[in-house]
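**Student:** give me the fold of what follows.
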Amino acid sequence: QVQLVESGGALVQAGGSLRLSCEASGNILSIHHMSWYRRALGKQRELVATVTNSGSTTYSGSVEGRFFISRDNAKNVVYLQMNSLKPEDTAVYYCNAELSSYTTYGIARDEYWGQGTRVTVAS
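**Tutor:** Sure thing, here's the model as predicted:
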């Protein structure tokens, strides 16, 4: 059973920084890409950043230059360093991973989500 567990969400003042972490565990063969999404109250889920297994990164325009995604392949962990935080960054942040794992029926490629971690940026 694969699990993604996020941590690092907190209340922070505008202009501050936070680092979110997400660890994938279970019978993982390989992780193809990992992403951070967020959902603010009353809004649709937004893709924030993605990092591939080769280290290529992409960002939404709203966070580019302020947020940085990275991953530790040895630990199956993805990080989101968030700098110069703004009140509009307030949301629940979710980790997402597309990975291959060992199952009863062989190797399966699937998408997994964490439970979310809340980030609140006070003005």
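**Student:** every contact and neighbour count from this point should use C-alpha atoms.
**Tutor:** Will do.
**Student:** I'd say residue 63 and residue 48 touch.
**Tutor:** Yes: taking CA atoms under 8 Å as the definition, residue 63 is a contact partner of residue 48 at 7.1 Å.
**Student:** more crowded one of those two?
**Tutor:** Using other CA atoms under 10 Å as the criterion, residue 63 and residue 48 rank with residue 48 on top: 23 against 17.
**Student:** quick check: that one touching residue 37?
**Tutor:** Yes: using CA under 8 Å, residue 48 is in contact with residue 37, at 5.1 Å.
**Student:** what's the neighbour count on residue 96?
**Tutor:** Neighbour tally, residue 96, other CA under 10 Å: 24.
**Student:** contacting residues for it?
**Tutor:** 4, 34-37, 111-114 (CA atoms under 8 Å, 6 or more residues apart in numbering).
**Student:** in space, what's closest to residue 2 - neighbours in sequence excluded?
**Tutor:** Among residues not flanking residue 2 along the chain, residue 26 sits closest, at 4.4 Å (CA to CA, 6 or more residues apart in numbering).
**Student:** with residue 8 instead?
**Tutor:** Leaving aside its chain neighbours, residue 8 sits nearest to residue 20 (4.5 Å; criterion: CA to CA, 6+ apart).
**Student:** is it true that the one you found lies in a strand?
**Tutor:** Yes: counting by DSSP: H, G, I helix; E, B strand; the rest coil, residue 20 falls inside a strand.
**Student:** quick one: the strands in this protein, in order.
**Tutor:** Ranges of strands within the chain are 3-7, 11-13, 18-25, 28-39, 46-52, 57-59, 67-72, 77-82, 91-103, 106-113, 117-122, based on DSSP state E.
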